[in-house]
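Trainee: sequence below, structure please.
(2 chains)
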Amino acid sequence: MNVVLSSYVNYKDEIIKAILFKVAAIFLLFNPQVFAVNIISNVTADTKSLSVNQLRRIYSMRQMHWNNGTPIVVYVLASKNPLHQKFCQEELRLFPYQLDRIWHKLTFSGYGVAPIEVQNQQALIKAVQSTKGAIGYVENLSEVSDVNIIKIDD
Amino acid sequence: MLTSLKLMIKVPKRTFYSVSLLCSLLFTLRVCAVELGSNSEAIQLHGFIAQGAIKADKSNYINEEQDISFELTEIGINASYQLSDDFRVAGQMVYLNGGNRYHPGIRVDYLLLEWDAFHDETWQASFYLGRVKNNHWLHSSTRDIPFARPSIILPQVTYFDGFRDIAMGGDGGAVKLSFNDDDFGEIDFNFSRGKSAISNDQSEVVIGKFALGELEHDLDLQASVYWRPSFSPWRFGISALDSNFYYNSEQVDYFFDSKFEFQFYSANALYEGERFQFSAELTQVRFVTDGFYFPGFHRDEIGQGYYLQGSYKLNDDLSIMIRNERFYANKDDKKGIQLSQNTGGLIPSYFGFHNDNMLGVSYDFSSNFRMNAEYHWMEGGARLSPIVQPDPLANSSKNWQVWAIQFMYWF
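Mentor: Next up is the predicted model:
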């Protein structure tokens, strides 16, 4: 009896898993918010890969120079921008409001500077291409040229 | 109705011109900031403007009339310029009007030179010289920045409005030493020495209008340490402050030459979750008075308090907040009975403590436009100005309430 009951429970679990997987696949396929985040930098930055902690330090303005000594110039989109929110949570593993809090504190206390906010992705790409030591993030790498692509190591 | 509203809103001419001037400057700088765009990374311009309405019942916390007041104005503009890889200059000017909470007017909030003295992957050392802000408590450096603090009225146990101009920072220097490590997380060490220039108007907020002499602030010493474990939602901090003030009486004065010693210790914790946030600060303050009331007078009291604060994001734009706060001015007289007895009943016992329960709501209209609203159930008068000479006539009720609503824009 127990064996029958156990196999019934396992069978039921498998069905639920399959349904959930299909729902998730449909959601991913049709949800316009789902996209990848890629980290890019100006060609003067000598770094090809960063750890999550290093990236957090850069975006929380605790690391201000690349390994070759070039000052880092950080570019971001507005805090409510979906790409910015995805970048914060997936790449930095921080919530956007945490970064806002850090940047506001630096900017309005005089103890530091905040990243430079730009209006859209095109402006961000242009800024990273043209600014020495710049770092930023984009959704689609096919639109980008003349920048370094930075790999994020876990 | 409109006439009665006009009667309630008394805007002095000087204030009107100051606000107009700052607003014009703010607008000009906003336009400049847009024109500079992303090509001028060496210079940064930022600012904010906030206006609200506030009312305190059964207290002169905001105004003597206890009416609805629009004295809830905060305007600020700042600029930062990177002189070279290692040096930067920055300054901020603010206009603040909080009614009786602190002296209204324009202030140079900070004006400093930063030297990035040392940096590698793990350590970063920066020195600041000039007018520097108090960076030691959880919200001390952003207490006047409406969108960067948790509520319109901050917990008075730590951020007592009456001490705003003294606690804000001072002319001197500061050192910030940051340590980053994948195992230990982020550790910040902060030191500062500074002296606040206290105007007569500011003195009046602290010691009252009957003191005709001048209040002078000696160089103070502050230190703090903050630690965030690696990838942790928690952050912890401790701080210490040692400060002296001198009252230099006039030839004809109600009070005498005196020295005030002020020592302040705090410990804090901050939790930042996806929807839930929590913060708490424990404080202990030692206040020693030598002289003032009569030559030879000596009083040495230790006050203690705490606040616990939680907020929850109902969605991306809307959040609610609750706070509980307790403070007593003398740990050996928590109910203020001795205080009342020592003054022959002139000062009621409820001036020995301050408690507050707060409920607040915050709504983001966009990335840089927000509304905050809150209601406070206050008990006691230990955090009402002037602290040295309490005013029991204007604050004749042990229980009093405050509500406030404020709209804020920043760039």
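Trainee: next helix or strand past the lowest-mean-pLDDT helix or strand in chain A?
Mentor: With mean pLDDT, DSSP states H and E as the measure, the helix or strand of chain A carrying the lowest mean pLDDT is helix A:2-30 (a mean of 56). Beyond helix A:2-30 on the C-terminal side, the first helix or strand identified by DSSP states H and E is strand A:38-41.
Trainee: now the element after that following strand, going C-ward?
Mentor: Taking DSSP H and E as the definition, the helix or strand that follows strand A:38-41 towards the C-terminus is strand A:49-51.
Trainee: wondering if that next one reaches chain B at all.
Mentor: Yes. Strand A:49-51 is in contact with chain B by Cβ under 8 Å from any Cβ of the partner chain, via A:Ser51. (C-beta placed from N, C-alpha, C; glycine too.)
Trainee: quickly note the distance from the one residue sitting closest to the centre of chain A to A:Val37.
Mentor: The centroid of chain A falls nearest to A:Phe87 when counting by Cα atoms, centre = their mean (2.2 Å). When distances are taken as Cβ to Cβ, to the nearest Å, A:Phe87 and A:Val37 turn out to be 5 Å apart.
Trainee: how's chain A carved up into domains?
Mentor: The record's domain parsing of chain A by automatic domain parsing lists A:1-31, A:38-153.
Trainee: just name the most buried of those.
Mentor: Comparing those on average neighbours per residue, with mean count of other Cβ atoms under 10 Å in any protein chain shown, the densest one is domain A:38-153 at a mean of 18.
Trainee: can you pull the contacts of residue 99?
Mentor: Unless you meant another one, I'm taking chain A. Contacts for A:Leu99 (Cβ atoms under 8 Å, 6 or more residues apart in numbering or on different chains) come out as A:59-60, A:79, A:88, A:92.
Trainee: actually chain B
Mentor: Contacts were defined as Cβ under 8 Å, 6+ apart; by that measure B:Gly99 touches B:54, B:61-63, B:69, B:71-72.
Trainee: give me the below-cutoff pLDDT ranges for the stretch 151-300 of chain B.
Mentor: Residues of the stretch 151-300 of chain B meeting the criterion pLDDT under 70: none.
Trainee: before we move on, back to that, phi first, then psi, for the residue nearest to the centre of chain A.
Mentor: In terms of degrees, to the nearest 10, the main-chain angles of A:Phe87 are phi -60, psi -50.
Trainee: show me the helices in the stretch 151-300 of chain B, by range?
Mentor: If you assign secondary structure with DSSP state H, counting those that start in this stretch, the helices in the stretch 151-300 of chain B sit at B:164-167, B:200-207.
Trainee: hey, what's B:Tyr246 bridged with?
Mentor: Taking DSSP bridges as the rule, B:Tyr246 bridges to B:Glu216, B:Lys259.
Trainee: isn't A:Thr103 up against A:Val74?
Mentor: Let me fix one detail, which is that residue A:103 is Trp and not Thr. No. Contact status for A:Trp103 versus A:Val74: not in contact, 9.5 Å apart, counting by Cβ atoms under 8 Å.
Trainee: which neighbours do the two share?
Mentor: Common neighbours of A:Trp103 and A:Val74 are listed as A:61, A:115 (criterion: Cβ under 8 Å, 6+ apart).
Trainee: could you list the low-pLDDT ranges of chain A?
Mentor: Across chain A, residues meeting the criterion (pLDDT under 70) sit at A:1-35.
Trainee: hmm, back to that, which pair of the contacts of A:Leu99 spans the longest distance?
Mentor: With distance counted by Cβ to Cβ, no two of those lie farther apart than A:Ser60 and A:Ser79, which are 14.1 Å apart.
Trainee: what parts of chain A come near chain B?
Mentor: A:51, A:53, A:57, A:62-65, A:71, A:73, A:75, A:78-81, A:93, A:95, A:97-98, A:101, A:104-105, A:107-111, A:113-114, A:116, A:118, A:123, A:126-127, A:130-131.
Trainee: and the residues you listed, which of them are in helices?
Mentor: Helix and strand membership here follows DSSP state H; of the residues of chain A next to chain B, those in helices are A:53, A:57, A:97-98, A:101, A:104-105, A:107-109, A:123, A:126-127, A:130.
Trainee: so which of the contacts of B:Gly99 is the most crowded?
Mentor: B:Tyr61 (28 neighbours; other Cβ atoms under 10 Å in any protein chain shown).
Trainee: state the distance from it to B:Gly99.
Mentor: 8 Å.
Trainee: still on that earlier bit, got JSON lines for the contacts of B:Gly99, with secondary structure too?
Mentor: Formatted as JSON lines, the entries for the contacts of B:Gly99 read as follows, by DSSP: H, G, I helix; E, B strand; the rest coil:
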{"residue": "B:Ile54", "secondary structure": "strand"}
{"residue": "B:Tyr61", "secondary structure": "coil"}
{"residue": "B:Ile62", "secondary structure": "coil"}
{"residue": "B:Asn63", "secondary structure": "coil"}
{"residue": "B:Ser69", "secondary structure": "strand"}
{"residue": "B:Glu71", "secondary structure": "coil"}
{"residue": "B:Leu72", "secondary structure": "coil"}
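Trainee: out of those, flag the one nearest to B:Gln341.
Mentor: B:Tyr61 (25.8 Å).
Trainee: pLDDT score for that closest one?
Mentor: Predicted confidence (pLDDT) at B:Tyr61: the value is 94.
Trainee: what does B:Val31 give?
Mentor: Among the per-residue scores, B:Val31 shows a pLDDT of 57.
Trainee: what's the span of stretch B:78-89, first residue to last?
Mentor: Taking Cα to Cα, to the nearest Å as the measure, stretch B:78-89 stretches 11 Å from start to finish.
Trainee: any idea of the mean pLDDT in it?
Mentor: Model confidence over stretch B:78-89 averages 95 on the pLDDT scale.
Trainee: right, is that stretch up against chain A?
Mentor: Yes. Using Cβ under 8 Å from any Cβ, we find that stretch B:78-89 touches chain A at B:78, B:80, B:82, B:85, B:88.
Trainee: report the distance from that stretch to the chain centre.
Mentor: Averaging C-alpha positions (Cα atoms, centre = their mean, to the nearest Å) puts stretch B:78-89 26 Å from its chain's average.
Trainee: who touches that stretch?
Mentor: Contacts for stretch B:78-89 (Cβ under 8 Å, 6+ apart): A:71, A:107-108, A:110, A:113, B:29, B:41-47, B:90-93, B:109, B:112-117.
Trainee: so which of those residues sit within strands?
Mentor: B:43-47, B:90-93, B:109, B:112-117 (DSSP state E).
Trainee: returning to that earlier point: list the residues that contact both of A:Phe87 and A:Val37?
Mentor: A:Tyr137.
Trainee: hmm, back to that, between the ones in strands among the contacts of stretch B:78-89, which is closest to B:Ser385?
Mentor: Distance ranking of those against B:Ser385, using Cβ to Cβ, places B:Asp109 first at 20.6 Å.
Trainee: now do the strands in the stretch 301-411 of chain B.
Mentor: B:318-328, B:353-366, B:369-379, B:399-410 (DSSP state E, counting those that start in this stretch).
Trainee: pipe the ones in helices among the residues of chain A next to chain B into TSV and attach distance to B:Asp257 per row.
Mentor: Written out in TSV, the entries for these read as follows (distance: Cβ to Cβ, whole Å):
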residue	distance to B:Asp257
A:Asn53	56
A:Arg57	52
A:Tyr97	50
A:Gln98	49
A:Arg101	44
A:His104	43
A:Lys105	40
A:Thr107	42
A:Phe108	38
A:Ser109	35
A:Ala123	62
A:Lys126	65
A:Ala127	60
A:Ser130	63
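Trainee: how about the residues of the stretch 101-250 of chain B by chain A?
Mentor: Going by Cβ under 8 Å from any Cβ, the residues of the stretch 101-250 of chain B near chain A are B:109-112, B:114, B:116, B:119, B:121, B:124, B:126, B:128, B:132-133, B:135, B:141-142, B:145, B:147-148, B:176, B:178, B:180, B:182, B:186, B:230-231.
Trainee: repeat the analysis, applying 7 Å as the threshold.
Mentor: B:110, B:112, B:119, B:124, B:133, B:135, B:141-142, B:145, B:147-148, B:176, B:178, B:180, B:182, B:186, B:231 (Cβ under 7 Å from any Cβ of the partner chain).
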